[in-house]
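Trainee: Structure of the sequence below:
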Amino acid sequence: MKYRSEIDGLRSIAVIPVILFHAGFEFFSGGFIGVDVFFVISGYLITTILIEDIENKRFSVLNFYERRARRILPALFFVMLCSIPFALLWMTPWELKDFSQSLVAVSLFASNILFWRKSGYFAEASEENTMIHTWSLAVEEQYYILFPLFLFLAWRYGKNRVFWIIVVLAAVSLALSEWGWRNKDSANFFLLPTRAWELFTGSITAFIIQKNGVKNNNILSFIGFSAIIFSIFVYDKNTPFPSVYALVPVIGVALIILFANRQTYIAKLLSTKLLVGVGLISYSLYLWHQPLFAFARIRSIDAPSQALMVLLIVASIILAIFSWKYIEQPFRRKSGLLKNRKQVFTTSIIGILIFIILGLAGHISKGFIQFYPKKIQLIDSAKRSVNPYREKCHLSENKIKHPREGCVDFLIDGKAQVVMLGDSHSDAISYNVQELLKKNNISSYAISYSGCIGFPGLYRVDNRNINYKCHEYNLSMLEYARNIGAKTLIITSRFPLYLNGNRYDNELGGLEEGGAAYVDLIKYKETPLPFDSDIRRKRVKDFYQKALKKLLQEFNVVLVYPIPEAGWYVPEYVIKQMRIGGNNNHTLLSSYNNRNNDVFEVFNNVDSNKLFRVLPAKTFCNKLENKCYLSDDKGVYYRDDDHLSAYGAKLLAPSILKEVSKSIVKK
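Mentor: Here you go, the predicted structure:
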């Protein structure tokens, strides 16, 4: 295969925006498209090599896998190995457990599947994931495993037919990604079926060039380069990806590969020594940057400064040069450290097994929790303290049926005096509340629904939950409450979030991650835009009061006022405070009040002797000090940035019991 220096230059155009995007430079809001550039380049190079091998009758799957192992594994293993000591020193138990899982997944070329199941690429928590960037390597590795076999087996039908088969497969994959971003956005981003069309685009260019050669066209190569640059600076994390939007950078790369021969201006630009040099170390540079950025964020309470991120970029370049020269190059050469195929495969298998064993040990031991101080073990326990009934009794889908199997343990003779309903804030407290009610001979039934206010008549109208049946859930809960003889409802929901749409800013540097979340009286796609209009807000605010009054005509209502949000992921934040010797253990009560003024106004103006109010601020906040606390000596109150931990729920439960007891004797 003839060397093209402009391809190495194109690699630098891919890796630099990715690094600047991960570093948090907002100007490079679409820098993530650098990965798509890499995919097209990989598809082109691999297909070119395979076509030449097949046509020259020297194709060997083992030879191909050997070359890939030499190219990918040494530098990857080196970065993973160097990351382990810092993970052991600086990570919390749950972070170390996640890191251990990633060691296994990366070793099995399946990290994209792991990260699809656990988190989103654009989630703030992913910024502290040292191995999140390996998802793209996993996609490429899966392609490397499958594509050579497909090409070899399909070749018997003729080169022309193989070409059109790839075109059809690319079209199907692109269509799947269009469906995927609307319905399964995380899977769409991470998995091979919806990314394959980008790699296939590179394969298509390889077939065209193998037949017609690289053409000299300044206009088309310039359009291709401009398309990539446009995507880097115009796209952002809200751009559906991959989708037809990805066609812009992908076709841009294809145009450069097809039409930027050495005489074109774009090829000359990409062939400059600086860009070629960055391109040569781009693989190692891609591997190094994310662990450095992630560890910096793990060690910092506040977001690292841009000056620090620039220093870390420089450090990434230095480490990349080192690993390119002393790791990549010696292992790639057959005259280097590994002289034959047997040594390559043996060393690769040993390395894979070592990382799998280390990863399994970290996973099974829950992040080596036994070696942490007792206080951190308590915090770890709070982090993991989800409702034991959550899996069965917290809904996030459309199967609404009562009684729900596995959720009837607190009924007595199929009856309940109390029904708990609401969103995940209700789920966070329901087990501890039901346990306390049971001890006081009060029967109960609790089902929560993710993202749903506990009032019938409201719908989620933001894109995240277009298929949720919040209204139907609430109607079903009320009907079942009537059927089992319940006279009291306990309603717990994030009322301010869905009224205002915005995530919580604690005014002390803590800002909750996540997109906007809105409810309305009108179903999704029927709600006039924008969602954040004062008209929608007033409509929802008025309905909160109307819906509560309507429920009070039939039931006693124990209304849990909004639980103070934290803004920080509390377990991580408390541990970071411990590490630096800090004592900041609170948010501002005034911030909580400002956040909830509209909700307080609505609920305080409802005058009914059937309404019983629970004020969580009385449990977690101190009015004189203007503080809402995050923890005490016995544990932390939250398991993340807004859901109470089991310990926090136990502290709130007596206040709920008190109001429930009043409601039960109320006729």
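Trainee: how close does I209 sit to L274?
Mentor: I209 sits at a distance of 26 Å from L274 (criterion: Cβ to Cβ, to the nearest Å). All C-beta atoms are positioned from the backbone trio N, CA, C, and that covers glycine.
Trainee: neighbour count winner among these two?
Mentor: Neighbours per residue (other Cβ atoms under 10 Å) separate I209 from L274, with I209 holding more: 18 against 9.
Trainee: What does the pLDDT read for N398?
Mentor: Per-residue confidence (pLDDT) for N398: 68.
Trainee: and if you look at K57?
Mentor: 87.
Trainee: Run a quick neighbour tally on it.
Mentor: K57: 6 neighbours (other Cβ under 10 Å).
Trainee: sec struct for Q263, please.
Mentor: Three-state call for Q263 (DSSP: H, G, I helix; E, B strand; the rest coil): coil.
Trainee: beta partners for the spatially closest residue to it that is not a sequence neighbour?
Mentor: Once flanking residues are discounted, Q263 sits nearest to N216: 5.1 Å by Cβ to Cβ, 6 or more residues apart in numbering. According to DSSP bridges, the partner residues bridging N216 are A260.
Trainee: hang on, Y498 in a helix?
Mentor: Yes. According to three-state DSSP, Y498 belongs to a helix.
Trainee: Can you name the residues that contact it?
Mentor: I453, L458, R460, A517, Y518, V519, V540 (Cβ atoms under 8 Å, 6 or more residues apart in numbering).
Trainee: Mind doing that once more with 7 Å?
Mentor: Shown in contact with Y498 (Cβ atoms under 7 Å, 6 or more residues apart in numbering): I453, A517, Y518, V519.
Trainee: So which of these belong to strands?
Mentor: The members of the contacts of Y498 that map onto strands under DSSP state E are V519.
Trainee: how does this structure divide into domains?
Mentor: Using automatic domain parsing, the domains assigned to the chain come out as 5-372, 387-565+598-621+646-665.
Trainee: how about the ones you listed, which one is nearest D380?
Mentor: With Cβ to Cβ as the measure, domain 5-372 is the member of those nearest D380 (4.5 Å).
Trainee: Report the distance from the closest one to the chain centre.
Mentor: Relative to its chain's centre, domain 5-372 lies at 18 Å (Cα atoms, centre = their mean, to the nearest Å).
Trainee: and if you look at stretch 585-603?
Mentor: Using Cα atoms, centre = their mean, the offset of stretch 585-603 from its chain centre is 29 Å.
Trainee: again, but for stretch 592-611
Mentor: Distance, stretch centre to chain centre, for stretch 592-611: 34 Å (Cα atoms, centre = their mean).
Trainee: do the same with stretch 436-450
Mentor: 32 Å.
Trainee: quick one: the strands in the protein?
Mentor: Along the chain, the stretches classed as strands by DSSP E are 394-395, 418-422, 444-446, 448-449, 459-460, 488-492, 519-520, 556-560, 586-588, 611-614, 621-622, 627-629, 631-632, 635-636.
Trainee: Now the fifth one: average pLDDT?
Mentor: Within the predicted structure, the mean pLDDT of strand 459-460 is 84.
Trainee: Paired strands for it, with orientation please.
Mentor: Strand 459-460 sits in its sheet next to strand 519-520 (antiparallel), going by DSSP bridges.
Trainee: Before I go, just wanted to say thanks for your time.
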